[in-house]
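Trainee: need a 3D model of the following:
(3 chains)
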Amino acid sequence: MSAGLTVEAVKKRYAGTAALDDVSVEVAAGAYAVVLGPSGSGKSTLLGLLGGFIDPDAGRVLIDGRDVTPLAPVSRPTTTVFQDYALFPHMDLADNVAFGLRMRGWTRAVRRARAAEMLSLVGLDGAERRRPHALSGGQRQRVALARALAVEPQVLLLDEPLGALDLGLRRAMQRELKAIQQRLGTTFVHVTHDQEEAMAIADTVVVMQAGRVADAGPPDRVYLRPANAFTAGFMGEINLLPARIEATGPDGTVLDTPLGRCQVLEPPPAGPQLRIGVRPEQLKLAVGRSDEEATMVFEAAVIESVFAGPHQRARLQIADGTEIVAQLPQSFAAAPEARVSLQLKTSDLILLSDSEA
Amino acid sequence: MRVAAGLLATVYALALYAFIYLPVAVLVLFSFHDGRLPIPPFRPATLRWYEDVLGDGDVVEALLHSLAVAALSSAVACVLGFLAAWGLARVRLPGEGAVRTLLMAPLTVSYLIIGLGLLISFNLTGIDRSLLTTGIGHAVINTPLCFAIIAASMGAQHGGLERAARDLGASEIRVLTLITAPVLWPAILAAFALSVTFSWDEFVIAFLLTRFDVTLPVEIWSMLRSGLSPRTNAAGSIVFLVSVAMVLLVELLLLRRRA
Amino acid sequence: MAVAAVVPALLWTLVFFAAPFGIMAAMSLWRRGEAGIERVWSFENYEAFLERPAMVEALWNSLEITVIVTVVSVLLAYPLAAIIAFRVPARWQRLVLALAVLPFWTSYVVRSYAWTLVLSSNGPLNRGLEAVGLPVLEIAASRAATVTGFVHFFVMLLTLTIYASLAQLPRSYARAAADLGAGPVARFRYIILPLTLPGVAVGAFLTFVLCLGDYVTPQILGGGSELTLPQVIMLQIGRRADLPMAAALSIVLMAIVTLVWLASARWLRLDRV
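Mentor: Just a heads-up that it's a prediction; the model follows:
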């Protein structure tokens, strides 16, 4: 059972500052949506709004086409996995998981069976009689998930569910969350500030910034073709360089950039300040002279290069004096001030036009 | 629904506040009553009962006794409590649990029984009842209080400060006087003030253990025999205001620390 | 050095608390003779206590009053503590709470005297009731007056302790319960009440102990309509100068407190997480 989710032009202000400023979001039924943003971007407010814990000042929330804006949490087809899990300390795991069923008047026997089934789903077979305080962080997280799923919500809301776990456990839980979501087909809305987590599990990423939606779409699109400089920077490290339109023709646009001249097919977006974005991993060492037109080749001086595990992280200075960052092969070795020749595909270039840093 | 619940909650809270403040309000209001009996209608407003009470040698004497007993017994309780809290925080003792339980035990026993125990013991040993014996009784009930308050604010980080001081060559006495006590002074002062409040208000122990020189609550007790009088209101209001001032001081000290 | 620091407090408590208590226990087994206290060991004070209906009745009065006061105070204080914890904005809570318990810091004597003023037959309360056309209350110098005085004090004490256990309850528990379909009543019954019960029990126990052992409130407010155990103890000390009997009655009082403590401690442990 799952349902699509629509947030329409929602506004929420706290003490004069806008926590949500005209936010609209669309999540398809059965999708795994991740709301991503730095702290204070309004992502948790958005989740509270979906769960019914926060009333919007304006706008609507629709679940499965039905307006649920005036409904209390109790009456919504949503449940929440809370950031601190909020497991009831005076109940054992079975009672915790079956709490929602008890509130719905299910009989004890049915509740027992369902609790066992849900605990098994999250990999805690036979733990019914254990108490929350006897569990590790990861196990608590699983119980919170089982409890929220036990009542078969149409939409499951997860508020930074993995925030308290260490890195290894985090990665494992990400895979597990995704697997459970795919198995149940329930719509998941997951809030996090970790963009790697978002890309690892999301069908749809909603990037929030200062109470607004900065970008929304599939993770690869948001990473490779971000709508603006904020999204580009938040999704991963990026070099931003100014660009100028030199000529526009039927075969595309010719841009003048500090890396040289290039021709791009897509028309550059209109805006106050045209820039190109280049991800460090898209910069390669140039092998001889490239004849391909779709490749830009340029020279740079090494400032320093540091071994970073999978690659060398090099800081370089290009012709106009700007500093850029590139991920070069592990074997790369160059003394400072050595000159290297780099190349990149023009199709990788990200064109941005907003004035944000 | 929500509005109705909010209204109900407000009405309930206000009703309870009224209940809580009713006697204090009546007490203070009728201390300014211009009449012989503190009953309505209220006839404003005179300070003569305060003049009367503060002009009464017995009352003033009792007030001074109360202050002296409170200050001295609280000082004793604070020193004992501070030393015990410090000692128990710094070393592991065998039977530490039993020591703590014994130190806290007076808090769990009714003042009447503590007072009676002391009365009987002083009787048997031929010690006369006096302000001194009353002070001893008050120090007994306030030592656990001071111990608890000071122990609660004596964290592990203070142990680190003391080690650093010792490492730099300070003797134990100097560590205690130059490091531990100054760092803990808000807690110590709060414990002292609270202890003064308790001693200042305390009646039963003082009643049992004083004889000729009495404390203010005992003096007020004997004023009660003459029935209702605005004079008693004035004396009670003075007791109340001093207590409130001490409590506000404690709040300020402990709040400042937390902030 | 650090070990030595514990010694003064320990000695003080031993000499002026533990030893007097032992002496009192011994005294309860002696008797008052013609010429003073006779150190003859017997249980006759305890037997006398059981044989004198007036004393057993005093104990009974004390227990009745204490139970009524404890129950009424908890029932009045819990909603107030909950309103402060859940409905007052967080930064005002401390102030509102401090205001609610300010009169707590008045001595028993002054507080009880103030209540005799309020409750006297032509006092402010009855004048107020008359003014709005309600019947007057003739409860001065009665058990009702004693209970009123006690409840006034213990409502404040319990508001403090219950607020403390409500305030440390994470907000997300109630939110999670609401999210899973629990209405206000179910949230209270299944989540908030069970989790705050240990705090309530501690406050109720404190109320029980202090109320049972108080002499001043029933003496001033009860008006001699009935006697409580502490009043009977004081009578032995004062008018009758029978210290052994007073000691025996005090031991009875202590024994009851200890029994209640044992019973509630067991009950508490059962309920603990």
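Trainee: pull the longest helix from chain C.
Mentor: Using DSSP state H, we find that the single longest helix of chain C is helix C:53-87.
Trainee: that one: which residues count as buried?
Mentor: C:55, C:58-59, C:61-63, C:65-66, C:68-70, C:72-74, C:76-85 (16 or more other CB atoms under 10 Å in any protein chain shown). Every C-beta, even on glycine, is put in place using the N, C-alpha and C of the backbone.
Trainee: report whether that helix contacts chain B.
Mentor: Yes - using CB under 8 Å from any CB of the partner chain, helix C:53-87 reaches chain B at C:76, C:79, C:80, C:83, C:84, C:87.
Trainee: might one say that the fifth one is in contact with residue C:97?
Mentor: Yes - taking CB atoms under 8 Å as the contact criterion, residue C:84 and residue C:97 are neighbours in contact, 5.6 Å apart.
Trainee: list residues touching both of these two?
Mentor: C:159, C:163 (CB atoms under 8 Å, 6 or more residues apart in numbering or on different chains).
Trainee: so what's the residue count around the residue of the stretch 1-150 of chain C found nearest chain A?
Mentor: Of all residues in the stretch 1-150 of chain C, residue C:89 sits closest to chain A, at 11.5 Å by CB to the nearest CB. By other CB atoms under 10 Å in any protein chain shown, 7 other residues sit near residue C:89.
Trainee: do the one 3 residues further on as well
Mentor: Residues lying near residue C:92 (other CB under 10 Å) number 11.
Trainee: chain center to the helix or strand that contains it: distance?
Mentor: Assessed by DSSP states H and E, residue C:92 sits inside helix C:90-100. Centroid separation between helix C:90-100 and its chain, computed with CA atoms, centre = their mean, to the nearest Å, is 24 Å.
Trainee: quick one: residue A:125 is in a strand?
Mentor: No - judged by DSSP: H, G, I helix; E, B strand; the rest coil, residue A:125 forms no part of a strand; its state is coil.
Trainee: tell me the SS of residue A:287?
Mentor: coil.
Trainee: now do the lowest-mean-pLDDT helix or strand in chain C: everything it contacts.
Mentor: Lowest on mean pLDDT, DSSP states H and E among the helices and strands of chain C sits strand C:36-38, with a mean of 78. Residues outside strand C:36-38 that contact it (CB under 8 Å, 6+ apart): C:27, C:30, C:31, C:32, C:243, C:244.
Trainee: wait, does the next helix or strand after it contact chain B?
Mentor: Where DSSP H and E defines the elements, the next helix or strand beyond strand C:36-38 is helix C:44-51. No - counting by CB under 8 Å from any CB, chain B has no neighbours in helix C:44-51; the shortest distance is 13.1 Å.
Trainee: flag every buried residue along helix C:44-51.
Mentor: Within helix C:44-51, the residues scored as buried using 16+ other CB under 10 Å are C:44, C:45, C:46, C:48, C:49.
Trainee: try stretch A:23-36
Mentor: Residues of stretch A:23-36 classed as buried: A:23, A:25, A:27, A:29, A:30, A:31, A:32, A:33, A:34, A:35, A:36 (neighbour count, 16+ other CB under 10 Å).
Trainee: between those residues, which is closest to chain C?
Mentor: residue A:35 (17.7 Å).
Trainee: now do the same contact list for the closest one.
Mentor: A:25, A:43, A:46, A:47, A:189, A:190, A:191, A:192, A:206, A:208.
Trainee: in three-state terms, label residue A:205 for me.
Mentor: From three-state DSSP, the assignment for residue A:205 is strand.
Trainee: what pLDDT is listed against it?
Mentor: Here, the pLDDT recorded for residue A:205 equals 95.
Trainee: could you double-check that it lies in contact with residue A:216?
Mentor: Yes - at 6.8 Å, residue A:205 counts as touching residue A:216 under the criterion of CB under 8 Å.
Trainee: have a look at the two and say which one is more surrounded.
Mentor: residue A:205 (25 against 21).
Trainee: do you know how far the more buried one is from chain C?
Mentor: Between residue A:205 and chain C the computed distance is 25 Å (CB to the nearest CB, to the nearest Å).
Trainee: count of neighbours near residue A:96?
Mentor: 29.
Trainee: okay, residue A:281 and chain C: tell me how far apart.
Mentor: Noted for residue A:281: a distance of 40 Å to chain C, by CB to the nearest CB.
Trainee: hang on, the earlier thing: for the least confident helix or strand of chain C, buried residues please.
Mentor: residue C:37.
Trainee: for that strand, the distance to its chain's centre please.
Mentor: On the basis of CA atoms, centre = their mean, strand C:36-38 sits 34 Å off its chain's mean C-alpha point.
Trainee: give the pairing partners of it; include direction for each.
Mentor: In the sheet, strand C:36-38 lines up against strand C:31-33 (antiparallel) (DSSP bridges).
Trainee: tell me the mean pLDDT over the partner strand?
Mentor: Here the average pLDDT along strand C:31-33 is 81.
Trainee: residues contacting it, please?
Mentor: In contact with strand C:31-33 (CB under 8 Å, 6+ apart) are residues C:37, C:38, C:40, C:42, C:44, C:45, C:241, C:242, C:243, C:244, C:245.
Trainee: okay, buried residues for it please.
Mentor: C:31, C:32.
Trainee: of all residues in chain C, which one is closest to chain B?
Mentor: For chain C, CB to the nearest CB, closest residue to chain B: residue C:213, 2.7 Å.
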